[in-house]
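**Q** from the sequence below, what's the structure:
(one chain, ligands or ions: 1)
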Amino acid sequence: MIEFPAAFLENMRAQLGEEADLFFSALEEPYAAALRLNPFRAGAEEAAAPFCDGAVPWCPDGRYVAPDARPGLSPLHAAGAYYIQEASAMAPAMALNAQPGELALDLCAAPGGKSGQIAAALAGRGALVANEPDAGRARILSATLERLGVGNALVTNAWPHELAARFPEAFDAILVDAPCSGEGMFRREPASRLEWREASPVGCAARQAGILDQAALMLRPGGRLVYSTCTFNRAENEETVAAFLDRHPDFSPQPFALNGIGASRDGCLRVWPHRARGDGQFMALLRRAGEPEPPASCRPARPARDILARLDELQAVAPGWEAHTEAPRLIARGDVLCALPGALPDPGGLRILRCGLHLCRLGRNNIEPDHAQAMALRPDEAAASAEFDEETSLRLLTGETAACDRRGWTLITHRGMPLGWGKASDGSLKNHIPKGLRIHL
Ligand code: SAM
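**A** Presented below is the predicted three-dimensional model:
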């Protein structure tokens, strides 16, 4: 057993008093794995049922994972039926409560669990900017949103001040799920106890203050900001929030409550591992003074003439392409045709990894539908689709071909959920699932 750092023990005893022993024992218990069903996938709940063992009380799509179940190994995972996410980590996006049509920002977003959740709450309307400053982690974030079939997200790889310069007072709702000293990981990854230092909370709090100040610049009057961490100390949580409120008198704490966790105090709410079935989580809901603006109604912009000329080709492969991005603005980035959500302000020169829904590559003589397009479509929205059983789906995910009686670009599905594109001819389906996403059995 790896010991807890002495200063951590002392902090927590001071904070929890008589409850501290219950808390320390809970951190030695096995962690409860969970997953969040993806509402963009019809049939996900039924398909995932064999992996699930009860509902996460504070998240309607959250389910605990049954002992010995391995949902990550199923083709349903590759099909975006669910996202494997720790139960308490589902709480901050519930507190943010994004509404369809809003413009939302997830400022510290990789690997993307909460971004996927916010996108689900937006239900394809409005737009999400999902940002991550670490380039490698931003690529994972982008792949997460692709797998979950999100069609209205901009994925950026920027520092908060770079975003704030581009998007002043732009967002209705912002999540700052801040980098922290990670005491909440002490259960799941006991080795993290060795990395923690007594100075970690204060150092992290300084960084969190800087991130929050940039977030404040990007929130519209009347907008909501959720600040969250997965650490237990007060310096990175209540004290960081109190100092932010002192610096920003136009913000105030908002009361809220989550089922199975309880009601906030001064806008702050905690999940404690000895009180709920989940790891540690802190969240605060803050509101900026002013009247919220109703979401702007936007119309699809008329595409440039050269793009317009190619739309019949796209329509012939994916007649339902338009349904997943509200009021899409079609732009070509290099040879990739993207549908950018109409609600989104111009991202200008930011480093962008995903620009709305990537529809297709525009070749000289033909188009090649993009994997992201496949992952956003329902089978009835593709010109051709072919359903495969679990075994064949897994083989397709390794890159193999399969027998198929369709012709041309065909959406590969498992239990009605997309896995990618294949191109069918002469009774065989050539696999176009990107090589980087292939699995090894
Ligand atoms: N919200 C994510 C999720 O649900 O999957 C988890 C986010 S994790 C707690 C914090 C993230 O913040 C990390 O990916 C880290 O790279 C990023 N980060 C580090 N420094 C940052 C900064 N100065 N501004 C914004 N994000 C930062």
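**Q** can you list the buried residues in stretch 360-372?
**A** Cys360, Leu362, Ile367, Glu368, Pro369, Asp370, His371, Ala372 (16 or more other CB atoms under 10 Å). Quick note: C-beta positions are derived from backbone N, CA and C, even for glycine.
**Q** from these, which land in helices?
**A** Counting by DSSP state H, those place His371, Ala372 in helices.
**Q** tell me the contacts of Ala26?
**A** Arg187, Trp272, Pro273, His274 (CB atoms under 8 Å, 6 or more residues apart in numbering).
**Q** could you pull up the residues touching the closest residue in space to the first one that isn't next to it in sequence?
**A** Spatial nearest neighbour of Arg187, excluding adjacent residues (CB to CB, 6 or more residues apart in numbering): Leu27 at 4.7 Å. By CB under 8 Å, 6+ apart, Leu27 lies in contact with Phe4, Phe186, Arg187, Pro273.
**Q** for the ligand, state which of those is nearest.
**A** Phe186 (14.8 Å; CB to the nearest ligand atom).
**Q** residues of the stretch 101-250 of the chain that sit close to the ligand?
**A** Contacts of the stretch 101-250 of the chain with the ligand, taken as CB under 6 Å from any ligand atom, map to 107-114, 132-134, 137, 160, 177, 179, 211.
**Q** gap between the residue nearest to Pro111 when sequence neighbours are not counted and Tyr83?
**A** Leaving aside its sequence neighbours, Pro111 sits nearest to Ile140 (CB to CB, 6+ apart; 4.7 Å). Distance, Ile140 to Tyr83, by CB to CB, to the nearest Å: 12 Å.
**Q** higher neighbour count, the two?
**A** Per other CB atoms under 10 Å, whichever of Ile140 and Tyr83 has more neighbours is Tyr83, with 25 against 14.
**Q** who does that one form a beta bridge with?
**A** Tyr83 has the following beta-bridge partners by DSSP bridges: Arg36.
**Q** so which residues of the stretch 1-150 of the chain form helices?
**A** In the stretch 1-150 of the chain, the helices defined using DSSP state H, counting those that start in this stretch lie at 6-16, 20-28, 44-48, 75-78, 91-96, 113-122, 135-147.
**Q** now render these as JSON lines, adding mean pLDDT.
**A** Shown next, in JSON lines, are the helices of the stretch 1-150 of the chain (pLDDT from 0 to 100):
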{"stretch": "helix 6-16", "mean pLDDT": "96"}
{"stretch": "helix 20-28", "mean pLDDT": "96"}
{"stretch": "helix 44-48", "mean pLDDT": "98"}
{"stretch": "helix 75-78", "mean pLDDT": "98"}
{"stretch": "helix 91-96", "mean pLDDT": "98"}
{"stretch": "helix 113-122", "mean pLDDT": "98"}
{"stretch": "helix 135-147", "mean pLDDT": "98"}
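**Q** for Pro253, which of these is the nearest?
**A** helix 91-96 (11.7 Å; CB to CB).
**Q** now do that closest one: which elements does it pack against?
**A** Counting contacts by 3 or more CB pairs under 8 Å, 6 or more residues apart in numbering; DSSP states H and E, helix 91-96 is packed against helix 113-122, strand 171-177, strand 219-229, strand 257-258, strand 268-271, strand 281-288.
**Q** pull up the pairing partners for the fourth one, direction included.
**A** Strand pairing for strand 257-258, determined by DSSP bridges: strand 262-263 (antiparallel).
**Q** quick one: residues in contact with the strand it pairs with.
**A** Pro255, Phe256, Ala257, Leu269.
**Q** what's the average pLDDT for it?
**A** Average pLDDT, strand 262-263: 98.
**Q** check contacts around the nearest residue to Arg310 once chain neighbours are set aside.
**A** Nearest non-adjacent residue to Arg310, counting by CB to CB, 6+ apart: Leu362, 5.9 Å away. If a contact means CB under 8 Å, 6+ apart, then Leu362 has Arg310, Ala332, Asp335, Val336, Leu337 as its contacts.
**Q** what's opposite the nearest residue to the fourth one once chain neighbours are set aside in the beta bridge?
**A** This points to Val336. Using CB to CB, 6+ apart and skipping the chain neighbours, the partner closest in space to Val336 is His358 (5.4 Å). Counting by DSSP bridges, His358 is bridged to Cys338.
**Q** ok so, going back, the residue nearest to Pro111 and Thr392: what is the separation?
**A** 27 Å.
**Q** now do the contacts for the closest residue to the ligand within the stretch 251-400 of the chain.
**A** Residue nearest to the ligand within the stretch 251-400 of the chain (CB to the nearest ligand atom): Gln281, separated by 10.4 Å. With contacts taken as CB under 8 Å, 6+ apart, Gln281 has the following neighbours: Ser88, Ala89, Ala91, Pro92, Gly184, Ser228, Thr229, Cys230, Arg270, Val271.
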